[in-house]
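# just a sequence and a predicted model for now, questions to come.
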Amino acid sequence: MQSRKQHHDVVVVGGGLAGVSAAVAAARLGSSVALVTNRPVLGGNSSSEIRVWVVGATAHGTQRFARETGIMGELFLENQYRNPQGNAIYWDQVVLDLVRAEPNVHLHLNTDVRTVTTSDDDGARRITSVTGWTMGSEIETTFTAPVFLDCTGDGLVGALAGAEYRIGREGRDEYDEDWAPEQADDELLGSSIFFSTHDTGKPEKFVAPSIAVDLSTTPILVNRAIKTGDNGCNYWWIEWGGELDTVTDNEHIRDELWGVVYGIWDHIKNSGQFDADTMTLDWVGAIPGKREYRRFVGDHTLTQHDLLSQRTFSDTVAFGGWSIDLHPVEGVYAETAGAQQRYTDGTYDIPFRSLYSANVANLLFAGRNISASHIAFGSTRVMATCSAQGQAAGTAAHLVARHGLTPRELGTDHVAMLQQTLLREDAPLIGVRAIDGADLARSARVSASSELTTIDTTPWLSEETFALDRDAAIVLPVDPTLGTIAIRTAADHATDLTVELWTTGKPQNYAPIVHVATHAAHVPAGVGDAVVDLAFRPDEPCNAVVVVRAAPGVRLFRTTAHPYGVMALRARSAEDAAFDEHIPEEADQPVTDWEARALRGTGFAFSVSGETDAWRASRVVDGYQRPFGGPHMWSSDAVGTAALTLDWAEPVDVHQVRIVWNDDVDADLINLHHHRTHWDAVPELARDYRVEACVDGDWRTVAEVEGNRHRHRVHDVEPVRTSSLRVVVTATNGSPFVTASAVKVS
């Protein structure tokens, strides 16, 4: 046995995606970071040990333009390229490579922290050290630092430090949450174990072990869907233990879940109800994937009202969008549906005050243990959202250590510094404008070889049509006005269409929320246009939704492409399959009432009169790095070489160029399975490009990239003094438009 001591700027305990993102964020900013985890692989519930797919604000494509950027975004894009088939082992290595690439991260796998020391010399409790035991190596390491992050999920470090926390459900009166129970209780979301199978092509038998549960004695066959070929998270409903203590009773919960898994497989193989003769079981998890345990108390507790009202927080540092997703405490044995879900109208803010302890002065946290009510936690708990929290908390930890602050002081007096640091790193942050005073691009005159100045999808007209047997809608940016719209139609007979104009309520929404006006549009027999003068001039640029109500015998022409930020929606019909047929739909949810997934990659054929400023070159310096009340990006008007140029009135010294490309945050990516995206690199991303500086009248290449598949590119260049800089794109990964969200120069 060896005993060691290590001092770092930041200590992160927990190697799930929250902890990984926190450690990488702090390390990239210059902090020395210890990342300590008790598992042999990184990724937590997403790792090959447990195999939960990584979901977040996109909610399987239900929310629009909501995929996480920053560190989580990097993982999504890299996994998409390396691992499009969703291999859990490959995913482990994608996460590990992210961490190994950072020399400031000191990784300690298989190291279990169960000793925490604290002090309160100045009246404020602080963590002074944590001690971990590395299994197999017989090494005991004591880690000291000015700031600690608990990303353990179960919240053990904070609990040992005396941080205030909650377990179970708050009563309805505490936060006036109508989804909360009348009285507080200890009930939790349960844990899950998954399995995977494959077809060997020859007969395979299965002899059930003694622990296999006889499904005929349970409600499972009536209340849950069992299918051959399903794997992993398709069986998210294999859940149990919410009536127990999910930590103390972890071993008992595992044994019961094993029994359920083998009972399900026995039913598939031996009941005679499935075509499964050549199927075999190739993996069953051995570690329960936990959903819920401790939730720490911060300076703000996020509630159901915060989410559903999409409350704007001045200290927002991350966002979510997954439904409030609560499961019955009986889990797989419940007589009710496996989940109850309620979606917000779009993404919602997560405030920094929910990411640090109210009573331990140097403790931050991220993941499923943040300061949220049980109801709000039903949404914030999913892993891509936890990663976004982790990047925010890790960035905060770096600033706390560097400037000698407490997290509360940072959030109270220096929140702008935190937000601007996050934006500089392209962290998942919506609705906050980047205003970095050191960014030379903000003082440049920005121009482009071409700009998209009209909204017209008819150049990509296809032969396919959409029958108006249900309502349809078009989402489009209004900047500064929306005049006459002409929608291409095919009609069996002349008729009138009802066309309505709506706004989205909030800039991060993409469904009709606020009704503005109703119009009638004449449709001729045969092929023609439904023409309406919408005459809409909002107070500031925004997204509008043009709703076309159902009309028998009328069809809308579809297109094969469209400008970025323009979207086609269709009203949900009774025939549309839900994500799971055993999840009941809540009434009056605009993002589920209007569906975009089936029309993704296509659009409706239409044109709008007049010019738009939505895709001007100047958008790359307007401070927004992702769609928010409009696309907020430059778009060229056609395929081919395109250039973006920055000119200064006086020469400037350039050392670094940061480019935030458009990686289509509306595309729903997933790490393991559920669906297969047909491309390995996002088509909208610039593939081949170069950065040039004008020196003595000649353009000199200072950076060049071929085969790009990343969103945020940081180019450290040989120092050059210039009055003109340009980015020349010679190819995208497939999009007909060249698009970029931000350019920063220092």
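Arrived safely.
# wait, residue 239 touches residue 192, no?
Yes. Residue 239 is within contact range of residue 192, at 4.9 Å (criterion: Cβ atoms under 8 Å). Where you see a C-beta, it was placed from the backbone N, CA and C, and this is true even at glycine.
# find the residues that touch each one of the two.
Contact criterion Cβ atoms under 8 Å, 6 or more residues apart in numbering; residues shared by residue 239 and residue 192: residue 291.
# and what about residue 5, helix, strand or coil?
For residue 5, the assignment made with DSSP: H, G, I helix; E, B strand; the rest coil gives strand.
# neighbours around the closest residue to it other than its chain neighbours, how many?
Closest residue to residue 5 apart from its sequence neighbours, by Cβ to Cβ, 6 or more residues apart in numbering: residue 142 at 4.9 Å. Residues contacting residue 142 under the criterion other Cβ atoms under 10 Å number 16.
# how near is residue 142 to residue 7?
Remark: distance between residue 142 and residue 7 (Cβ to Cβ, to the nearest Å) = 9 Å.
# repeat for residue 487
Counting by Cβ to Cβ, the gap from residue 487 to residue 7 is 65 Å.
# the two: which is more packed in?
residue 487 (24 against 13).
# which residues does the more buried one contact?
Each residue near residue 487 by Cβ under 8 Å, 6+ apart is listed here: 474, 499, 521, 529-532, 546, 548, 556, 604-606.
# sec struct for it, please.
Once three-state DSSP is applied, residue 487 turns out strand.
# and it, what are its bridge partners?
Applying DSSP bridges to residue 487 gives these bridge partners: residue 530, residue 606.
# tell me where the protein has helices.
Along the chain, counting by DSSP state H, helices occupy 17-28, 70-82, 88-100, 156-160, 172-175, 220-223, 250-270, 304-308, 374-380, 383-403, 407-413, 415-424, 590-593.
# now mean pLDDT, mean neighbour count and distance to residue 298 too, for those, in a markdown table please.
Below are these laid out as a markdown table (pLDDT from 0 to 100; neighbours: other Cβ atoms under 10 Å; distance: least, Cβ to Cβ, whole Å):
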| stretch | mean pLDDT | mean neighbour count | distance to residue 298 |
| --- | --- | --- | --- |
| helix 17-28 | 98 | 32 | 15 |
| helix 70-82 | 97 | 23 | 21 |
| helix 88-100 | 98 | 18 | 26 |
| helix 156-160 | 98 | 23 | 11 |
| helix 172-175 | 97 | 15 | 14 |
| helix 220-223 | 94 | 15 | 37 |
| helix 250-270 | 98 | 20 | 26 |
| helix 304-308 | 98 | 22 | 13 |
| helix 374-380 | 98 | 26 | 12 |
| helix 383-403 | 98 | 29 | 11 |
| helix 407-413 | 98 | 18 | 9 |
| helix 415-424 | 98 | 20 | 14 |
| helix 590-593 | 94 | 20 | 28 |
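# for these, which one sits closest to residue 564?
For residue 564, the closest of the helices of the chain is helix 70-82, at 16.5 Å, according to Cβ to Cβ.
# show the pLDDT at residue 584.
For residue 584, the pLDDT comes out at 64.
# no, scratch that, I was asking about residue 7
pLDDT, residue 7: 98.
# so it bridges to which residues?
residue 144.
# ok, residue 91 to residue 46 distance?
Distance from residue 91 to residue 46, counting by Cβ to Cβ: 7 Å.
# show me how far stretch 520-531 is from its chain's centre.
Relative to its chain's centre, stretch 520-531 lies at 40 Å (Cα atoms, centre = their mean, to the nearest Å).
# give the buried residues for it.
Of all the residues in stretch 520-531, those buried under the rule 16 or more other Cβ atoms under 10 Å are 521, 523, 528, 529, 530, 531.
# now those residues in TSV, with pLDDT and distance to residue 57?
As requested, the buried residues of stretch 520-531 are exported to TSV (pLDDT from 0 to 100; distance: Cβ to Cβ, whole Å):
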residue	pLDDT	distance to residue 57
521	97	35
523	97	38
528	97	40
529	97	37
530	97	34
531	98	37
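# list just the nearest of those residues to residue 21.
For the buried residues of stretch 520-531, the nearest to residue 21 is residue 530 (47.4 Å; Cβ to Cβ).
# residues contacting that closest one?
Counting by Cβ under 8 Å, 6+ apart, residue 530 touches 486, 487, 489, 497, 499, 521, 522, 523, 548.
# kindly report the same for residue 174.
Listed by Cβ under 8 Å, 6+ apart, the contact set of residue 174 reads 180, 184, 373.
# need the contact list for the nearest residue to residue 493 once chain neighbours are set aside.
Excluding the flanking residues, the one nearest residue 493 by Cβ to Cβ, 6+ apart is residue 525, at 5.2 Å. Residues near residue 525 by Cβ under 8 Å, 6+ apart: 491, 492, 493, 494.
# was I right about the first one contacting residue 526?
It stands for residue 491. Yes. Residue 491 lies in contact with residue 526 (Cβ under 8 Å); the separation is 6.8 Å.
# joint contacts of those two?
Common contacts of residue 491 and residue 526 (Cβ under 8 Å, 6+ apart): none found.
# where does the stretch 601-746 of the chain dip in pLDDT?
639, 674 (pLDDT under 70).
# let's see that with 80 instead.
Applying pLDDT under 80 to the stretch 601-746 of the chain flags the ranges 638-640, 673-676.
# please enumerate the strands of it.
With DSSP state E, counting those that start in this stretch as the criterion, the stretch 601-746 of the chain has strands at 603-604, 606-608, 634-635, 642-661, 686-695, 698-705, 712-732, 739-745.
# cool, and the stretch 201-350 of the chain?
Ranges of strands within the stretch 201-350 of the chain are 239-240, 279-284, 295-296, 316-320, 324-326, 340-342, 348-351, based on DSSP E, counting those that start in this stretch.
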